[in-house]
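1. no sequence on this one, just coordinates:
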């Protein structure tokens, strides 16, 4: 049984993935390797030679105490869901979630593990990074592994006793204890492609009573959002809509930052208690809850989408399905009020449908369904509508397929 589990999510950029895995393995000392390591590479629907590269890495590096596990997803499921898929395979007591655009210097892990294991209240720990938002950034550009190793060595010498407690760390390189994962679960799929899913994860960790720390006893070189850069023209939109979801979910009218602390988030933590029923987000599922075909007269069709995403094709799909709707079919549109402005979206959808189509065939729901009840919720319906260019919808459809439901 490995002591360390590392999840590396990748989407194309096979050269980066190869570099990340190779420098990660090279960074470990004999004590780390002796405890056992698994590296779970989640290929999030790549269309380049990523699979070939992962197979080559397995051939070279799989040995007694190191195992590379290849998880191939048939399509890009977005960052939060891709990470969760990897987390479902983790067996280690210390778990790392890593981007594939990282370069790991020698012994970067030791200082983080020392910090995590020295204080049971520390749940997440992270290194300083060359590129990051917030307090983790060193804003340094380096040109070779030799330069990175030298910089890391000097940085750690100067900062090894520096520990900063913070409200959040970025998701590019997070190390956590298994007990934290088992307490708060994984990432929230409602953040779709990604952005603010790491803020959400950190806030749930804080709510559960864990501290989040950045240690000067570790440095990792981060090239910076290489996958997201490939969709740069859309990135600002995803950041904006996910910031809105995050603030709405956590009832944050403002989000003031003072040094390493987000004041309003910490105020929320002080005033609320963690509840597993409400806050836990599953990263693995039991599909034994079988979907049963509705024997009633009405065939219930579920539509879930990332309603704020201007690139989602939900409008076109809704109209196409409505035009073909049978007498015994009804569409149920789920717009959870804890993520979206329900009444605003309902009015918009009614305007899109117009008078030409039967609006009585569409019902709207704003239920805040707990994530641990998601499968049972989906099973209440007979079929699910699939929408292009929509990662929130894609996740619901994924579960519908696992449940052998009809997907329209």
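-> Nice, thanks for sending it over. Just so it is clear, the model here is predicted, and its values are computed rather than measured. Residues are numbered from 1 along each chain as shown.

2. From here on, just use CA atoms for contacts and neighbour counts.
-> Fine.

3. In three-state terms, how would residue 97 be classified?
-> At residue 97 the chain is in strand, as set by DSSP: H, G, I helix; E, B strand; the rest coil.

4. An error on my part: the question was meant for residue 311.
-> coil.

5. Please work out how many residues are found near it.
-> Using other Cα atoms under 10 Å, residue 311 is surrounded by 14 other residues.

6. One more: the one 3 residues further on?
-> The local packing of residue 314 (other Cα under 10 Å) involves 23 other residues.

7. for it, what are its contacts?
-> 305, 307, 387, 388, 390 (Cα atoms under 8 Å, 6 or more residues apart in numbering).

8. just the residues you listed now: which is nearest residue 102?
-> residue 390 (27.5 Å; Cα to Cα).

9. How many residues are close by the closest residue to that closest one other than its chain neighbours?
-> Distances taken as Cα to Cα, 6 or more residues apart in numbering place residue 312 nearest to residue 390, at 5.0 Å, with adjacent residues excluded. A total of 19 residues lie near residue 312 under the criterion other Cα under 10 Å.

10. mind giving me the domain split of the protein?
-> Domain ranges of the chain: 4-279, 299-407, per automatic domain parsing.

11. from the chain's centre, how far out does stretch 15-34 sit?
-> Distance, stretch centre to chain centre, for stretch 15-34: 23 Å (Cα atoms, centre = their mean, to the nearest Å).

12. swap in stretch 349-368?
-> 31 Å.

13. Let me see the residues that make contact with it.
-> Applying Cα under 8 Å, 6+ apart, the contact partners of stretch 349-368 are 315, 319, 322-323, 329-338, 342, 346.

14. how far does that stretch stretch from start to finish?
-> Between the opening and closing residues of stretch 349-368 there is a gap of 20 Å (Cα to Cα, to the nearest Å).

15. what comes up buried for that stretch?
-> Under the neighbour-count criterion of 16 or more other Cα atoms under 10 Å, stretch 349-368 has 349, 353, 362, 364, 366 buried.

16. tell me which element the first one falls in.
-> Going back to what we said before, that points to residue 349. Using DSSP states H and E, residue 349 falls within helix 342-353.

17. What number of residues are in the vicinity of the closest residue to residue 241 other than its chain neighbours?
-> Nearest residue to residue 241 in three dimensions, chain neighbours excluded: residue 308, at 6.4 Å (Cα to Cα, 6+ apart). Residues near residue 308, counting by other Cα under 10 Å, number 18.

18. got it, and residue 189?
-> By other Cα under 10 Å, 24 other residues sit near residue 189.

19. what sits against it?
-> Residue 189 touches 80, 81, 392, 395, counting by Cα under 8 Å, 6+ apart.

20. Provide the contact partners of the one helix or strand the last one maps to at residue level.
-> Take DSSP H and E as the rule and residue 395 turns out to sit in helix 391-402. By Cα under 8 Å, 6+ apart, the list of residues contacting helix 391-402 from outside reads 77-78, 81, 189-193, 287, 303-306, 375, 378, 383-387, 406-407.
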